[in-house]
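> Quick one, what's the 3D model for this:
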Amino acid sequence: MINSALEARIENGSLLHAYIISGVDGPEKSELIMRMAESAVCSGSGEKPCMSCQNCRKAAKGIHPDIIKVERAADKKEILVDQIKEICSQAAVMPNDAARKVYIISEADRMNIRAQNTLLKVLEEPPSFVMFILSAENSGALLETIRSRCVEVRLHSEGETDEKVRTMADRLLKAAENGENLEICRIILEMEKLDKTAFGELMPELYTGAVRRMKNAASSGKSAQFYQKAARIFTKCGKYTEYNVSNGHICGMLAAELIELRAMERGA
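Numbers count the residues shown, from 1 in each chain. Now for the predicted structure:
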């Protein structure tokens, strides 16, 4: 499942400067990374990537000069510091064709410590026209200082979404539907204790659950307005996770908006 906020950023061309795409390597992961890169270089005026502009066509053929792939040498066990030094020296150079330049680091979790520390320097003060996409099966192998400067997107195999996250999302939606304010607050307190990765997964799970309930309500002739508005709240909160806003701040906003939404719906 891909974060709805990330989908929106891909489509409107507003991707941030650094992402970690974590999870098992496979076609879904490769396709997402390429869509992100194509969106970043796309020069079309509508939804991105448009796949019709010159930049998109070059990207699709794998010949765009501003999409640079960094890979571990076949005879090496790690990505070495010299490879990352080359990135750092090139990063300040303006793009050739597009408005942005994209560095895709495959197997980023196999950078050695010296390489990671070198990359950290450019992540701390990146040029405005550069975007980094770090592909990693195990993001925990990356330095915390690197992870804190990137937005992590964790991909799951089908059915792999953490059951705890799914259950928590379902409980919160039910409490919000029933106007159980005390239960909302209890669940919100549990949410605050989630780690960064699980908390990031919770927002798209809540969004998906709200959309599913909205469709079911519409098909049964009931009002779907509550679920539609709730989905917007979850999308907004999901965007704050991209900026490393604390769980506590996001949870406080989420509780307040859900309680207010149900009160407004009942008063309508």
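> ok, and the closest non-adjacent residue to V211?
A231 (5.5 Å; CB to CB, 6 or more residues apart in numbering). C-beta: built from backbone N, CA, C; applies to glycine.
> And the strands in the stretch 1-150 of the chain, which stretches?
Taking DSSP state E, counting those that start in this stretch as the criterion, the stretch 1-150 of the chain carries its strands at 18-22, 67-70, 101-105, 130-136.
> Okay, now the unreliable bits of the stretch 151-268 of the chain?
Across the stretch 151-268 of the chain, the ranges flagged by pLDDT under 70 are 156-162, 218-223, 244, 267-268.
> ranges for the strands of it?
Going by DSSP E, counting those that start in this stretch, the stretch 151-268 of the chain shows strands at 151-154.
> Could I get the buried residue list for stretch 77-88?
79-81, 83-84, 87 (16 or more other CB atoms under 10 Å).
> How about stretch 188-199?
Using 16+ other CB under 10 Å as the test for burial, stretch 188-199 gives 188, 191, 194, 197-199.
> again, but for stretch 105-117
Here stretch 105-117 shows 105-111, 115-116 as buried, counting by 16+ other CB under 10 Å.
> One more: stretch 201-213?
By neighbour count on 16+ other CB under 10 Å, the buried set for stretch 201-213 is 201-211, 213.
> Check these and tell me the two furthest apart.
E201 and R213 (18.8 Å; CB to CB).
> coming back round to it: can I get the buried residues of stretch 77-88 in JSON lines with pLDDT and distance to E28?
As requested, those are exported to JSON lines (pLDDT from 0 to 100; distance: CB to CB, whole Å):
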{"residue": "I79", "pLDDT": "94", "distance to E28": "23"}
{"residue": "L80", "pLDDT": "93", "distance to E28": "29"}
{"residue": "V81", "pLDDT": "95", "distance to E28": "31"}
{"residue": "Q83", "pLDDT": "94", "distance to E28": "26"}
{"residue": "I84", "pLDDT": "95", "distance to E28": "27"}
{"residue": "I87", "pLDDT": "91", "distance to E28": "26"}
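> Take these and keep only those in helices.
By the criterion of DSSP state H, membership of these in helices covers 81, 83-84, 87.
> between those residues, which is closest to S45?
Among those, and counting by CB to CB, the member closest to S45 is I87, at 30.6 Å.
> unless I'm mixing things up, the closest one is touching L119, no?
Yes - shown here, I87 and L119 form a contact pair, counting by CB atoms under 8 Å, at 7.1 Å.
> Which member of the buried residues of stretch 105-117 is positioned nearest F132?
For these, the nearest to F132 is I105 (7.0 Å; CB to CB).
> Against V24, how distant is that closest one?
Distance, I105 to V24, by CB to CB, to the nearest Å: 17 Å.
> Same question for M203.
The gap separating M203 from V24 is 22 Å, by CB to CB.
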